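Asker: sequence first, then the predicted structure, then my questions.
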Amino acid sequence: MKDFMLLFRQPNYDYSKAPAAEFQALAKKWQDWAGGIAAQGKLTSNGTRLALEGKVLKAGGIVTDGPFVEIREMLGSFLIVKADSLEEATTLAHGCPALDANGSVEIRPIMG
Amino acid sequence: MEKEQTSLKRLFQQEFSKMVAVISSLFGLQHIEIAEDIVSETFLQATETWETKGTPPNPTAWLYAVAKQKTLYYFRRNKILRKKVIPELTARQENSEEIEEPNFSQQNIKDSQLQMLFAVCNPAIASEAQIGLALRILCGFGIDEIAEAFLSNKDTINKRLFRAKEKLRTEKVKMGLPQENEIVSRLDNVLHIIYLLFSEGYYSKTQSQILRKDFCLEALRLGLMLTEYERTNLPKTNALIALMCFHASRFSARETSEDTMVLYEQQDEALWDRELIDQGKHFLYLSAEGSEVSSYHLEARIAWWHSMKEDTQEKWENILSLYNQLLLVNYSPSVALNRTFALYKANGRQEALVEAEKLKLDNNHFYYILLGELYKGLDNEKAKLNFQKAYSLAKTQTERQDIQEKIDNMP
């Protein structure tokens, strides 16, 4: 088993207009999804959430405000999972709530 | 006559750990057998004397007085002690050549017992050995009782205890509370041993239900001991006690005359011990402090939800959420299975089945029991197949009987 990092991106994390019940339901969705991976004994680290402010540094010393890279999606958080292959790690990513918010999950093998 | 014998046995069991602790704090852990011998001899003398002269008005005072005499006598007679132990003692006492007599005051008994608890629950020794020592030295159980609980024999247990005491010697473990910077991590180990001790009692396969209940109560007593000291009276200590109270409250409901475990769903709520549940709530409340969420906190909350038998959506959603968190802190196959059951109750059978299939706990008969339960009513053929697989993997006659019943009850 190797470790893989799952990075979650969404175009938008503004839930200020969402009613409390929707927010709770979303939290439950994330928790149940991560719990499902944990139940299989495949969660290495629950990762952490990232604050929404940030900067991007590019070649030539260019620094831009805001955690936006070329694509219109912001990195929200990450998880580290255990799997035998990149395909299997990708299977674990299914059902991730970021996908419901028009976002994406990037899956990367961890080296070393 | 028999009643008197049982109460003598109880008295001796209670006093054994107190007295061994106090005397060991004098002689040092290297000579723990001396302390055990002195106490055993004291009990022997008590049994013989009280049989003819009757029980004295203050039995514990009698025991302490005789133990003191024997300790001093032993000291004076034993050259090795004089040469090796006394120099160490006088270094501690700062002056006299006089032998300190064992101090059986309430405070010193408490202090010595706490020190002994930390000495015995030492990560340098294998955890099996720690439990064995705890049962013998801290809880005063007899070798045959310990053997019965572990479904083992006296020889094996004696060897285990002997090796454990050897380890205490070679690792030079001393009585005395760990240093400030170590106490929290050492406390984690102590809590873990208490938890294992409780589980031994709770899940033990031995026939003697009284013995199992005694184990649980002793574990509770050790936990409570920790709450009497500021440095060990932490939220996670209270959480562990709450957890033990909630589980213990269902003890009577779990027993039946046919030696089978009555599963939660079928328990008679009226047999639950309300006082223990209330105690549990009290300690759960105390544990809700600080920022640490230990696995004991999560388990205690789950146990609290289970202390309310009614099946509500709210209950199961909360339990699911707690199991999700528990898995992050403390993964184990049985937690994963319990989580999946909670998922079934909270989110429905379809989702639970999908998740259950992913678990792939192929050698675990509980896994197949869960799958069987989930398929029941949906696909009875599959349910039966899973129950049969569970049957083939089951380890005890009792378990096989239970599973057979499930198969027989299928339409």
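Answerer: Received the coordinates, thanks.

Asker: secondary structure element for the nearest residue to B:Glu228 once chain neighbours are set aside?
Answerer: Distances taken as Cβ to Cβ, 6 or more residues apart in numbering or on different chains put B:Lys110 closest to B:Glu228, at 6.7 Å, once the chain neighbours are dropped. For the C-beta atoms, the positions are set from N, CA and C on the backbone; glycine is no exception. Secondary structure from DSSP states H and E places B:Lys110 in helix B:106-120.

Asker: okay, buried residues for that helix please.
Answerer: For helix B:106-120, burial by neighbour count (16 or more other Cβ atoms under 10 Å in any protein chain shown) applies to B:Ile109, B:Asp111, B:Ser112, B:Gln113, B:Leu114, B:Gln115, B:Met116, B:Leu117, B:Phe118, B:Ala119, B:Val120.

Asker: which residue does chain A have closest to chain B?
Answerer: For chain A, the residue closest to chain B is A:Gly35, as judged by Cβ to the nearest Cβ, at 3.3 Å.

Asker: quick one: residues contacting that residue.
Answerer: Counting by Cβ atoms under 8 Å, 6 or more residues apart in numbering or on different chains, A:Gly35 touches B:Leu320, B:Tyr323, B:Asn324, B:Leu327, B:Leu328, B:Arg339.

Asker: is it correct that the third one is in contact with A:Gln31?
Answerer: Yes - here B:Asn324 lies in contact with A:Gln31, judged by Cβ atoms under 8 Å, at a distance of 4.8 Å.

Asker: the two: which has the busier surroundings?
Answerer: Set B:Asn324 next to A:Gln31 and count neighbours by other Cβ atoms under 10 Å in any protein chain shown: B:Asn324 wins out with 23 against 17.

Asker: one step back: could you dump the buried residues of helix B:106-120 to CSV with distance to B:Thr170 and pLDDT?
Answerer: Formatted as CSV, the buried residues of helix B:106-120 follow (distance: Cβ to Cβ, whole Å; pLDDT from 0 to 100):
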residue, distance to B:Thr170, pLDDT
B:Ile109, 28, 92
B:Asp111, 26, 91
B:Ser112, 23, 93
B:Gln113, 24, 93
B:Leu114, 24, 93
B:Gln115, 20, 93
B:Met116, 18, 94
B:Leu117, 21, 94
B:Phe118, 18, 94
B:Ala119, 14, 92
B:Val120, 15, 92
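
Asker: need those in JSON lines with distance to B:Asp188, can you?
Answerer: As requested, the buried residues of helix B:106-120 are exported to JSON lines (distance: Cβ to Cβ, whole Å):
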{"residue": "B:Ile109", "distance to B:Asp188": "25"}
{"residue": "B:Asp111", "distance to B:Asp188": "21"}
{"residue": "B:Ser112", "distance to B:Asp188": "22"}
{"residue": "B:Gln113", "distance to B:Asp188": "19"}
{"residue": "B:Leu114", "distance to B:Asp188": "16"}
{"residue": "B:Gln115", "distance to B:Asp188": "18"}
{"residue": "B:Met116", "distance to B:Asp188": "18"}
{"residue": "B:Leu117", "distance to B:Asp188": "13"}
{"residue": "B:Phe118", "distance to B:Asp188": "12"}
{"residue": "B:Ala119", "distance to B:Asp188": "16"}
{"residue": "B:Val120", "distance to B:Asp188": "15"}
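
Asker: check those residues against chain A, which are close?
Answerer: Restricting those to those touching chain A (Cβ under 8 Å from any Cβ of the partner chain) yields no residues.

Asker: pull out the buried positions in the one helix or strand the residue of chain A closest to chain B maps to.
Answerer: Per DSSP H and E: A:Gly35 is located in helix A:20-39. For helix A:20-39, a neighbour-count test (16+ other Cβ under 10 Å) marks A:Lys28, A:Gln31, A:Asp32, A:Trp33, A:Ala34, A:Gly35, A:Gly36, A:Ile37, A:Ala38, A:Ala39 as buried.

Asker: now stretch B:198-218
Answerer: Buried-residue list, stretch B:198-218, by 16+ other Cβ under 10 Å: B:198-202, B:204, B:206, B:211-218.

Asker: ditto for stretch B:348-366
Answerer: By neighbour count with 16+ other Cβ under 10 Å, stretch B:348-366 contains the buried residues B:Arg349, B:Ala352, B:Leu353, B:Glu355, B:Ala356, B:Lys358, B:Leu359, B:Leu361, B:Asn364, B:His365, B:Phe366.

Asker: ok, now stretch B:393-411?
Answerer: Result for stretch B:393-411 [16+ other Cβ under 10 Å]: buried residues B:Leu393, B:Ala394, B:Glu399, B:Arg400, B:Asp402, B:Ile403, B:Lys406.

Asker: count of residues packed around residue 103?
Answerer: Went with chain A since none was named. A:Gly103, neighbours per other Cβ under 10 Å, totals 19.

Asker: my bad, the chain I had in mind was chain B
Answerer: Residues near B:Asn103, counting by other Cβ under 10 Å: 15.

Asker: can you check the pLDDT for the residue nearest to B:Gln113 when sequence neighbours are not counted?
Answerer: In space, and not counting its chain neighbours, B:Gln113 is closest to B:Ala21: 4.7 Å by Cβ to Cβ, 6+ apart. Among the per-residue scores, B:Ala21 shows a pLDDT of 95.

Asker: kindly report the residues of chain B close to chain A.
Answerer: Residues of chain B lying near chain A (Cβ under 8 Å from any Cβ): B:317, B:320-321, B:323-325, B:327-328, B:331, B:333, B:336, B:339-340, B:343, B:347, B:355, B:358-360.

Asker: which of the residues you listed fall within strands?
Answerer: In strands, judged by DSSP state E, none of those are found.

Asker: show me which of those residues are buried.
Answerer: Here, 16+ other Cβ under 10 Å leaves B:317, B:320-321, B:323-325, B:327-328, B:331, B:336, B:339-340, B:343, B:347, B:355, B:358-359 buried among the residues of chain B next to chain A.

Asker: residue of the stretch 151-300 of chain B closest to chain A, please.
Answerer: Closest point on the stretch 151-300 of chain B to chain A, by Cβ to the nearest Cβ, is B:Leu298, at 12.3 Å.

Asker: do the same with chain B
Answerer: Of all residues in chain B, B:Asn324 sits closest to chain A, at 3.3 Å by Cβ to the nearest Cβ.

Asker: sorry, back to before: quick one: the residue nearest to B:Glu228 and B:Asn58, what's the gap?
Answerer: Separation of B:Lys110 from B:Asn58 (Cβ to Cβ, to the nearest Å): 19 Å.

Asker: what angle separates the longest helix along chain B from helix B:106-120?
Answerer: Of all segments of type helix in chain B, defined using DSSP state H, the longest is helix B:2-27. Interaxial angle of helix B:2-27 relative to helix B:106-120 (axes from the mean of the first three to the mean of the last three Cα atoms, to 10 degrees): 80 degrees.

Asker: now helix B:2-27: buried residues?
Answerer: B:8, B:11-13, B:15-27.
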